[in-house]
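Visitor: build the 3D model from these lines:
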Amino acid sequence: MNKNSLSKRTWFNICLFSFMGGVAWNLENMYFNTFLYNEIYAGSTYSPVYLYANGIMQPTTAISRMVALSAITAVVTTFIMGTFSEKMKKRKAFISIGYIVWGVITALFGFITKENVAAIFGLNDEAKILFCTIWMVIIMDMVMTFMGSTSNDSAFNAWVTDVTNPSVRPTVETALTFVGFFAMAAVMGVGTLAQAGIVAYDIFFLVLGIIVSICGVAGLFLLEDPEIKGEKTKGNYWADLFYGFRPSVVKENSRLYLALAAVGFYSIAVQVFFPYLFVYLEKVIVPANFGGQPISPLVIVVAVLAVATLIAGVVVLLKVSATKKFLGLVFGVVCFTLGLFLLSSSTNIIVVLIGIAPTFIGYLVLMIQLNAAVRDFIPEDKVGLFQGIRMIFAVLLPMIVGPYLGDLASRVSNITIIEYGQEKIVPSSSMFFVAAIISILVFIPLIALSKKGFEVETEEE
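Guide: I've put the predicted structure just below:
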């Protein structure tokens, strides 16, 4: 790029594909878990004793396993397809066609039922049907992740880096973050109806999947391949695949790897609780505080104040980060950690609402600033070669370690509810305490990075 501003068309494409990618990822990250918990495990005989006796995973363990395998799929895919797209120096086809197929896979997900699995495989034993259905959900989640990582993690993320420079990336990352939250809100708006049984899960997945595919079709006409630094890569594909692991490359790009380490610790902390968050809210917070009772005026007032604090806190910290990145990031870690400690201390709705504000202030600031730093430190002529490395720190390690720790915390706490006359383990507030401890580790790479400096020189400079 030669300018410090983006065209309206570029902004439109960034927002459109970020929003629709956010719809697909949030659908997977939030509602595949609740679908597995509420639909697949729904049954009067599925007690912990029954599951253990038949060699079937507990619900929280199945969620942890699904998230981990999805993460592995995402990283392997990003390495393979990111390197391939870098060699081709083409992004448009990977994004557009990928979104089309991504949407189709998403639409098919809702048709995974115990009845359909039993019919396909000719099963009659209830335990075998449940076992196969659980693994069918997990495998289909991996297939969907393959398409999402090809189109979004590999191609779209590289495309955004291609069309931006350090001067506009904090603004772009801010936009991507808030567009992502709008996507989350949109998915939650419909997903709440699915959780409540008002809208069937198959319709939920079908409609949103079709919308994602339509976005992919639009990309065939809207997107343009940017002018990427360098020519098509002529080197050995397998050598390029492992380019980011070379000691010389790590040493030469030490600031990038320190920024990625910070992303890794922060993301692990998020993944300790995020896969279980909506189950926790539905099964623990809502029954503990409302139980069919109307929301009190005090709760509404605290919620409004929490939202106002969240908005003000994010604005202030982003302004601080614009000139003093290290200070802004330190405040972000402090807010994130304190918020998590508050969330771990009680299930009272007032405490939860107060804890949400600093947690999300830190969450947003760290996401925006760390992602912008990672983009800044990636060499401009090797963007695709580093997408897999980024995914190791942002997805693979967090989504394997985080959910495992969250599952472990929930099983140790052993908080149960009664459903269908049987005890069922639910996520507990202790997962926030574990996340808070891990978030403190973000300071280690941040301090090292501050000594090397955050500023980068563009080619124009």
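
Visitor: C-alpha only now, for contacts and for neighbours.
Guide: Will do.

Visitor: SS state for the residue lying closest to residue 177 once chain neighbours are set aside?
Guide: Take residue 177 and drop its neighbours on the chain: the residue closest to it by Cα to Cα, 6 or more residues apart in numbering is residue 368, 6.7 Å away. When classified by DSSP: H, G, I helix; E, B strand; the rest coil, residue 368 comes out as helix.

Visitor: roughly how far does residue 368 sit from residue 375?
Guide: 11 Å (Cα to Cα, to the nearest Å).

Visitor: same deal with residue 448?
Guide: 18 Å.

Visitor: pick out whichever of the two has more residues nearby.
Guide: residue 375 (26 against 14; other Cα atoms under 10 Å).

Visitor: dump the residue contacts of the more buried one.
Guide: Each residue near residue 375 by Cα atoms under 8 Å, 6 or more residues apart in numbering is listed here: 161, 166, 169.

Visitor: between those residues, which sits nearest residue 455?
Guide: residue 166 (8.9 Å; Cα to Cα).

Visitor: verify the stated contact: the closest one with residue 378.
Guide: No. Contact criterion Cα atoms under 8 Å: residue 166 and residue 378 do not qualify, at 10.7 Å.

Visitor: all helices of the stretch 1-150 of the chain, in order?
Guide: 8-26, 32-35, 48-53, 59-88, 92-109, 114-121, 126-148 (DSSP state H, counting those that start in this stretch).

Visitor: what's the distance between the third one and the middle of its chain?
Guide: Taking Cα atoms, centre = their mean, to the nearest Å, one finds the center of helix 48-53 at 31 Å from the center of the full chain.

Visitor: and the contacts of that helix?
Guide: 57-58, 423-424.

Visitor: from those, which ones fall inside strands?
Guide: 423-424 (DSSP state E).

Visitor: whichever of the contacts of helix 48-53 end up buried, select them in ChimeraX.
Guide: In ChimeraX, this line selects whichever of these come out buried by 16 or more other Cα atoms under 10 Å:
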select :58,424
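
Visitor: present the contacts of helix 48-53 as TSV; the columns should include pLDDT and distance to residue 41.
Guide: TSV is the format used below for the contacts of helix 48-53 (pLDDT from 0 to 100; distance: Cα to Cα, whole Å):
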residue	pLDDT	distance to residue 41
57	85	10
58	81	9
423	70	13
424	72	10
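
Visitor: can you lay out the contacts of helix 48-53 as a markdown table showing distance to residue 125?
Guide: Formatted as a markdown table, the contacts of helix 48-53 follow (distance: Cα to Cα, whole Å):
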| residue | distance to residue 125 |
| --- | --- |
| 57 | 17 |
| 58 | 19 |
| 423 | 22 |
| 424 | 22 |
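
Visitor: and residue 121, how many neighbours?
Guide: 10.

Visitor: what pLDDT does it get?
Guide: Here the pLDDT value assigned to residue 121 is 90.

Visitor: check the one 4 residues further on too.
Guide: Per-residue confidence at residue 125 stands at 87 (pLDDT).

Visitor: how close does it sit to residue 327?
Guide: Taken as Cα to Cα, the span from residue 125 to residue 327 is 59 Å.

Visitor: who has more neighbours out of the two?
Guide: Neighbours of residue 125 and residue 327, each counted by other Cα under 10 Å, are more numerous for residue 327; the result is 15 against 9.

Visitor: how close does the more buried one sit to residue 401?
Guide: Taken as Cα to Cα, the span from residue 327 to residue 401 is 28 Å.

Visitor: can you check residue 164 too?
Guide: 32 Å.

Visitor: quick check: the farthest pair among the contacts of helix 48-53?
Guide: 57 and 423 (14.9 Å).

Visitor: could you pull out the helices for the stretch 301-450 of the chain?
Guide: Secondary structure of the stretch 301-450 of the chain (DSSP H, counting those that start in this stretch): helices at 325-345, 349-377, 387-391, 397-413, 430-440, 443-452.

Visitor: ok, which of these comes nearest residue 36?
Guide: helix 397-413 (15.0 Å).
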